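Trainee: everything below, folded, please.
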Amino acid sequence: MSNQTLAHRSEVPIEETWNLESIFATLEEWQAAIHEVEGLIPKMEQHRGKLAESAQSLAKGIETTEKLLMLATKIYVYTGLASSVDIGDQGAA
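Mentor: Predicted coordinates:
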């Protein structure tokens with residue numbers, strides 16, 4: 001059995017790493033997305049009990065839900081990958 005150690009993050013070729021910028025180009029974009037999700041949550045409440053009123057109400061409810069879920073998923077993936085990139089980076093954790 002060989003004793004192998006993992007390379008430090010700084011020693012890994014960039015083409016073998018995750019490209020977090022493909023999800024959010026900057027930390028500020030990620031933070032803006034978090035604020036957008038926070039703003040969408042109250043809008044979800046506005047649809048409570050109204051989805052069956054009309055096709056338009058249902059469509060608006062689905063649109064808001066889809067936007068919230070897609071954005072929250074991007075935030076989740078970005079956060080998970082960022083913290084896994086370098087477990088020694090306390091800022092990312």
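
Trainee: read off the pLDDT value for residue 86.
Mentor: The model reports residue 86 with a pLDDT of 62.

Trainee: do the same with residue 71
Mentor: 96.

Trainee: same question for the one 4 residues further on.
Mentor: At residue 75, the predicted lDDT confidence score is 96.

Trainee: what does residue 90 give?
Mentor: The model's pLDDT for residue 90 equals 61.

Trainee: you'd agree residue 61 is up against residue 53?
Mentor: No - counting by C-beta atoms under 8 Å, residue 61 sits too far from residue 53 to count as a contact (9.8 Å). Where you see a C-beta, it was placed from the backbone N, CA and C, and this is true even at glycine.

Trainee: chain neighbours aside, what residue packs nearest to residue 77?
Mentor: residue 23 (6.3 Å; C-beta to C-beta, 6 or more residues apart in numbering).

Trainee: any idea how many residues pack against residue 78?
Mentor: By other C-beta atoms under 10 Å, 20 other residues sit near residue 78.

Trainee: and if you look at the one 4 residues further on?
Mentor: Using other C-beta under 10 Å, residue 82 is surrounded by 19 other residues.

Trainee: can you tell me which residue is spatially central in the protein?
Mentor: In the chain, the centroid-proximal residue (C-alpha atoms, centre = their mean) is residue 75; its distance is 1.2 Å.
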